[in-house]
Structure formats: structure tokens, C-alpha cells
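S.K.: I'll drop the sequence and a predicted model, then ask my questions.
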Amino acid sequence: MTHLWRDYDPGAFYDELMVDQHQPRTFSYRLLDHLQSMRNDAFNQRVAESEIEILERGVTFTVYSDAGNIDRAWPFDIIPRILAKREWDCTEKGLIQRIRALNQFIDDIYNDGHIIQDGIIPEDVVMQSKGYRPQCRNMRPAYGVWAHICGSDLVRDDHGTLYVLEDNLRVPSGVAYMLENRKTTKRVLPELFKLLNISPVNDYPSHLAAMLASLRPDLASPNMVLLTPGIYNSAYFEHASLAQQAGLTLLEGADLIVGGDGYVYMKTIHGLEKVDVIYRRIDDDFIDPLAFRDDSTLGIPGIMQAWRDGKVAIANAPGCGVADDKVIYAYVPEMIRYYLNEEPILPNVPTFLCRNPDHLRYVLDNLSELVVKPANESGGYGMLVGPHSSEDKIAEFRNLIINDPNNYIAQPTLKLSVSPTSCGDKIAPRHVDLRPFILSGDSHYVTPGGLTRVALVEGSLIVNSSQGGGSKDTWIVDEALLGGTG
Amino acid sequence: MLSRVAERVYWLARYLERVENTARLINVHTGLLMDLPREAEIDWFTLVSIFDADIFYHASYEQISEQNVMHFLLADTDNPMALIHSLSALRENARTSLDILPEETWEQVNELYLLVKEELSALSNRRRRQNLLLAIMERCQTIWGIFTNHMSRNHAYYFLQSAKHLERADMTSRILEMASLLLKENRSDPVRAFDGLLWTHLLRALSAQQMYTRVNGSNVSAGPVLDYLIRDTAFPRSLFFSLSAIGRYLSPLPKAENLLSVQKQILQKLLQTDHSVIPAEDIHRRMDALQIQLAALDGQISAQWFYPDHSVA
């Protein structure tokens, strides 16, 4: 049997760990040296251990097409993905800059609307966003922060540039899996932590709790809960695990009630107990049947009014999804210049807005080269990846775009970076992205690294966990501390 | 503590105790049947009767055989008293109480579940089955150990413990009900000849043999065994101990007064009788009555804390 690494070749792609076929990057040298020195059976043994580990810990993720299966094991690749601390420090600044601008934007459009009046963003762009909620007008949440937890997706192209692909502002998931991935690496490859200084990630839950508590500056120790749709939600494992680690009461809509005094209460064995902060993991649409969908059985009637009256804080704030829209995304660099008077540190992926006739013409002429996305979908659904699509599929999207140009954007197909990934009988390059998590309250916190998602199928660009993607532990490594041979 | 979570924790503990008790009972019974002559009245079906599951059994099985009874009690998902059913319920309750239980709980419960699921196909192999039952008991003990050593003495803990002792009292009363079989005047000679052996197994089914021997020496017979399993104040599986523990753990819970007076009544009624001198039919009847009282207590716990009137203030 040939050595697992023998034919490794990233080809024309940027490789996160390798300079080329043979040469590791300065910060990944020790990792690769260690992994490549392992015999095949020793390495495969570690892979098997990681799978058992995840199965026994019950780390699960639901895929909706698997009807009735709520036990799909979390897909994990044991070879970590590394970023140099120097690069990461800069990325972190860029992410904070971006979320500051996004929060000011949301606060602005629900209040004065300066950015519209000043002609930076057309009003109809804001109004077309499915996340826009008229019920949120004239609200001013603490610190002007609406998106308290943001998961931004970063991708790297073949030149090595990191781009922001999208900002997930509604109920971004994945952070508990980031924590689980680190735990698994620690159990399966503990010796690696001796070789390198790896930034720890496990204090995320305490930062989350501190951020949530800061949303009620009027209270010394607010009563905080995590609102989940329940066990059949794809991210239930994450909800339970975060609640446990951050000390939040995990509850469902039926456990909450709005009292005659307008405050929110939970049903306890003592009777009713006041709730001050809600970390909600259900969409706006389902949060309050009085304000939004009246067929929602998940929600709590009257909770929107309680929030508007300042009687309860909700993270993320209702209505913050307005900025989680692929058309509005295109304007984020302008927002940064407008609100912060700064140049964007992290670039957007170049984006063509089909609402713009020039862009539309270009998009329709180059469909087979582009990625086309509807404005309001997440999880990689409803997309066209031109170079990987049949002519029928391209024709279908041509019609969709012509009929509703305002709802579509297009981007060049990035040559996403790759990272060495265990693929059964060999180690092979697979495309990756990265989702760091940014907390905003009275201050900002960015996870060191985040959740690296990997497209396990050769050549595939689809990394979404809901579509069978895998994941990797992500290390931020300080090159300055690498020193000699240790 | 949320009412819904209290309910889940309560049922988690009941199912955890039930899984362990079921495993032990089957394990001991298997050992007993190896020692008994074939014509004794005690057979595999006795186990089904202990769980009051005769109707469910006859609905699915024609013959009474070791294989059928084992499948029914361990693996049959249509039988609400089957071990796999209790274990699935235990796992679902653990999964939905992750935020208040020690973090190792879920991993242990999940591993137990995976272990049993994998081994269920080998039930007809007696040796593997016995090994599995031992492994189940060990895992259950590990989980209780986690609760004992890692949990604050908070409401969740009190619900766990009350539920455990309620479930345990119920199981003990069922096993004593079976004991009344051994006391019947008209029991056959083969059974009579094995009286000592049967009482020993009864003690073992409740993990009581060793502690009993330290108190009563090697005298294993109806009177002292019944007295020990019902009234002993120090043995943690006697009815007296379980019923007292229920009171001890319910008392720190909010507004527990009514429940405590019910618990006291049950305990007093039990102590009024000297079970070692009454006829077999009486034991049977009294244990039945105790199970009904325990079910009523369970209903009151539910009404008091899980489904109270949470109408708006």
C-alpha cells in the first residue's frame, strides 16, 4: 500500500497548508512533519478513533432529507486547517469593522434612514430584503447593536486573498461544532498541542454569556435563556451544548409566556419566573404569532411588544436579518466607508447586481462562468454554479433571472483554496471555507479561527453541512513562537 | 427550574433505575432457572408477570420460551416495559436535559444506548446476553456516580433522587409480589425443596444478599427475608428506605407539603403490618395496593410541579 500522502498535489489551487506539492508552509511544517511520519495504519487508527469519539459523544447534525434520522454523526476530518496569527489578527480587525458597519446600517434603516437619504443604498434594495421587518421601526436596542452573533463566511481564492462571501446575521450555527472539533483533536491527536502554540477556542461560551448579560446593563445578573425550536431542529445539539456551557436555561416557546404586566416569564416548578435576555435560535417569522406568522406554534404571543418596551432583550434582535441579504451584501464596503469613514479591511467577493442593467447583461452573457445566488437563501440552496452545471440548468436560471432580476446576484466562480483532507485510501486536497463567529454587545469578540467546512467530494465547492460537507478543527498558530525545532 | 425540564429529569431517573433493575432481574432469574428442576412453577414467564405485561406478551407471542421472553423483555419496541424502550426514553430525556446535567451524562447514556443496540441481535446467546446485562448495570452505576459526585444538591438533583427511589420501591414491591408465589400453601414439592435457593435469588435480584447476610447470618428463609426487604432501615433498596428517601428528597422542593403527607401515609401503612406472619395472598394484595399508591404519588408530583396552573399573574 502506498503512503497516504504520496500523490498529494494541490495543483493550481491555493493550499492552506502547502506552498506546493512538497513544501509545507512555515506554520504547518511541524503538523505535516508529524502526520507524514505516521504509518498508514497508525494514521487510519486515529481517524477511526475520531469517528468513534464523535459517535459516542453524540455530536449530531440533522439533514432534513433523511426523514426521521436525527442522529447523523457530525462529519469531521482530523487534519486541522491552520492560519498564521499575523494574517488572523488582520482578519479579526476586518470582521469587527464589518459588523460595526452592519449594525449601524440596521439601526439606521429602522430609524432615520440616513444611508438611503444620502443615496448610498436605494430604498427599494432595503425593502426587497426578506429580513426587513416594519415592526422594528424606531427601535433602539442597547449599544445600537442588532446582530449580536454573526457568522461570516470567508473564502480564499487562488491568489491567497481572503474574501467575505456572506454575513450570516439571523441565527448562524456552527460554533458548538467548532468547540467539538477542538475537543476531538485534543483527544485523538494530543501530542500535536506540544509542538505548536494554538490559540484556544474553548472560552467562547463565557464570552457569549458576558455579551448576553451586557444587553441588560440595568440588571446585575439578568436571567438568561436559550430559545430552541426543539429536538427536531438540525442544530439542536448545538443549542443544548451552548446552553450547558454558557449557563443559559434551554427552553422552547411553550415554556415562555408574556404576563399581564408585559414582561416575559418562564414556567418553573416555583411558578412563573421573569426572563431578561433571550438568545433565540428560531427565525423572526416564528418568534411571535401576534407580530409575524400567526400559524407559528414555536413562538410566544406578545414577545415582540415586550422587546419593544425594553422588558426583555433578544439576541439577535428581530429584524436584523435585513442585512443578511445577498443584494445588500454588495453594499457592505460602501457602508463601511459611509458609517466608519474607513476603507474596508476585508474585501467582498466581486458581485454583479442583476438589478443593474449593465451587470445583468454581463451576467446573462457569462452564466456558464458565474455563481448565481438568490438574494434570500441560505445553506447553499437555490444556487447556480455555472461551470459545474448542465445547459438545462443554466437555461432555467436565465429565465429565473430575467423574470426577477432584483432577486439575483452573480459572482465569479472562485477557485476556492484547498487543504489536505483524509479521503479513505489517500490524503487529498479538498476545498474549504471558514466561518468565524463575531460577538457584539458592549464590546466585540471574534473566535480565534472558527469552523472550517470542507467539501468532501472531489472537485465540489459545496461545503454546507446541510448538504453533506465535512468540517475541520481550525488553528491560529503564532509563527513568531515557532522558534527552532522545539 | 423549568417545569418541563423537571419532568424530563424525573423521567430520566425513573428510566435509568428501571433499566438497571430490569437488567439485574433478568440476570438473576437466568441464574435461578439454571438451578431449578424443569417442573417447578417458576419459569421464564414469571418475569413477564413481574412486569404486569402478560397482555402485551400474549398479543405478540404464541409460545413461552426463553428466546421469546428475552426478546419481549429486552428488545421488543412494542412492549412499553422492554429494556430497549426504557433505554430509548432515558436517552431522549438525557438529550433534552443536557443543559442542567453534568456534561459526561450524555456521553455515558449515549454509549450505553449504542452498546445495547449493537448487542441486541445476540440475545439468544445466553453468555453474551449475561455479559450485556452486567455491562448495562455497570454503566447505570457509572451514571449515578456522575450525578452523586458532580451535581450540586439542587432541584434537579432532588427530582432525580425522588424519582429513583419511587421507581425502586415500585420494583421492590413487584419482586416481593413474586415472593408470594413462594409462600403459597399449595406450592409443589419441587418448589418447596428449593425454598432456600429461591429466597437467596430474591435477595440477589435486589442486590441484597451480601448486606442481608451481614445482618442475619446465613439464615435465608421467608420471615427474615421479607422483614429485611420491607423494613430494614439501613439497606438502600428496602421499601422502608426507598419510601423514606422519597420524603427526604421531596421536602426541599417548593410547596411539597401535600406530597409529604401522602408519602408519610404510605410509609405508615407499610409499617403497620408484620409481613412475615401474614398469608401469601395478603402479601400479594398489599404489594398491589402499594403499587397503586405509588402511581398516585407519581400523579401528584406531576400535577404539583410539571403541569401546574401557570396562568398569567
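M.R.: Okay, I see it. Numbers count the residues shown, from 1 in each chain, chains lettered A, B, ... in the order given.

S.K.: Next one: the closest residue to B:Val28 other than its chain neighbours, what pLDDT does it get?
M.R.: Using Cβ to Cβ, 6 or more residues apart in numbering or on different chains and skipping the chain neighbours, the partner closest in space to B:Val28 is B:Ala205 (4.4 Å). The way it works is simple: take the backbone N, C-alpha and C, and place the C-beta from them, glycine included. Listed pLDDT for B:Ala205 reads 89.

S.K.: Any regions of the chain where pLDDT drops low?
M.R.: Since no chain was named, I'll use chain A. A:1, A:61-71, A:377-380, A:465-468, A:483-486 (pLDDT under 70).

S.K.: My question was about chain B, not that one.
M.R.: The model of chain B has pLDDT under 70 over residues B:182, B:311-313.

S.K.: Within range of chain A, give me the residues from it.
M.R.: B:1-6, B:92, B:95-96, B:98-100, B:103, B:106-107, B:110-111, B:114, B:155, B:253-254, B:305-306, B:308, B:310, B:312-313 (Cβ under 8 Å from any Cβ of the partner chain).

S.K.: what sits against A:Thr351?
M.R.: A:Thr351 is in contact with A:326, A:329-330, A:409-411, counting by Cβ atoms under 8 Å, 6 or more residues apart in numbering or on different chains.

S.K.: coming back round to it: and the residue nearest to B:Val28, how many neighbours does it have?
M.R.: If you count neighbours by other Cβ atoms under 10 Å in any protein chain shown, B:Ala205 ends up with 26.

S.K.: list the contacts for it?
M.R.: So B:Ala205 contacts B:24-25, B:28-29, B:175 (Cβ under 8 Å, 6+ apart).

S.K.: ok, and for the strand or helix carrying B:Arg129, which residues are buried?
M.R.: Under the criterion of DSSP states H and E, B:Arg129 resides in helix B:126-150. Of the residues in helix B:126-150, B:129, B:132-133, B:136-137, B:139-140, B:143-144, B:146-147 count as buried by neighbour count, 16 or more other Cβ atoms under 10 Å in any protein chain shown.

S.K.: Buried among the residues of chain B next to chain A? Need that as a selection in ChimeraX.
M.R.: Here is the ChimeraX command that selects the buried residues among those (16+ other Cβ under 10 Å):
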select /B:1,2,3,4,5,6,92,95,96,98,99,100,106,107,110,111,155,253,305,306,308
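
S.K.: Apart from its chain neighbours, what residue comes closest to B:Pro102?
M.R.: B:Pro102 sits nearest to B:His150 (Cβ to Cβ, 6+ apart), 3.9 Å away.

S.K.: Kindly report the same for B:Ile136.
M.R.: B:Ala23 (4.2 Å).

S.K.: can you count the residues close to A:Pro217?
M.R.: Residues near A:Pro217, counting by other Cβ under 10 Å: 13.

S.K.: which residues touch the closest residue in space to it that isn't next to it in sequence?
M.R.: Leaving aside its chain neighbours, A:Pro217 sits nearest to A:Ala142 (6.5 Å; criterion: Cβ to Cβ, 6+ apart). Counting by Cβ under 8 Å, 6+ apart, A:Ala142 makes contact with A:214-217, A:313, A:441-442.

S.K.: mind checking how far A:Ala142 is from chain B?
M.R.: Counting by Cβ to the nearest Cβ, to the nearest Å, the gap from A:Ala142 to chain B is 25 Å.

S.K.: Let me see the backbone angles for that residue.
M.R.: When read as degrees, to the nearest 10, the backbone of A:Ala142 gives phi -50, psi 140.

S.K.: go on, A:Ser152?
M.R.: Here A:Ser152 shows phi and psi, under degrees, to the nearest 10, equal to phi -100, psi 140.

S.K.: Show me the beta-bridge partners of A:Lys373.
M.R.: A:Ile409 (DSSP bridges).

S.K.: show me the contacts for it.
M.R.: Counted by Cβ under 8 Å, 6+ apart, A:Lys373 has contacts A:326, A:382-384, A:408-411.

S.K.: Get me the contact residues on chain A for chain B.
M.R.: Checking chain A against chain B by Cβ under 8 Å from any Cβ, the hits are A:55-58, A:226, A:231, A:240-241, A:243-244, A:248-252, A:254-255, A:257-261, A:265-272.

S.K.: in a strand, that's where A:Gly419 is, yeah?
M.R.: Residue A:419: Ser, not Gly. Yes - using DSSP: H, G, I helix; E, B strand; the rest coil, the assignment for A:Ser419 is a strand.

S.K.: got the contact list for it?
M.R.: A:Ser419 makes contact with A:15-17, A:79, A:81, A:429-430, A:432, A:452, A:454, A:472, according to Cβ under 8 Å, 6+ apart.

S.K.: and what of B:Glu118?
M.R.: B:Glu118 touches nothing, counting by Cβ under 8 Å, 6+ apart.

S.K.: Please, which helix or strand holds it?
M.R.: Assigning secondary structure by DSSP H and E places B:Glu118 in helix B:103-119.

S.K.: what residues are up against the spatially most central residue of chain B?
M.R.: In chain B, the centroid-proximal residue (Cα atoms, centre = their mean) is B:Met171; its distance is 3.3 Å. Counting by Cβ under 8 Å, 6+ apart, B:Met171 makes contact with B:17-18, B:21, B:25.

S.K.: quick one, the helix holding B:Arg129 and helix B:103-119 angle?
M.R.: Between helix B:126-150 and helix B:103-119, the angle comes out at 170 degrees (axes from the mean of the first three to the mean of the last three Cα atoms, to 10 degrees).

S.K.: Pull out the buried positions in stretch B:208-223.
M.R.: For stretch B:208-223, a neighbour-count test (16+ other Cβ under 10 Å) marks B:208-209, B:211-212, B:216, B:220, B:222 as buried.
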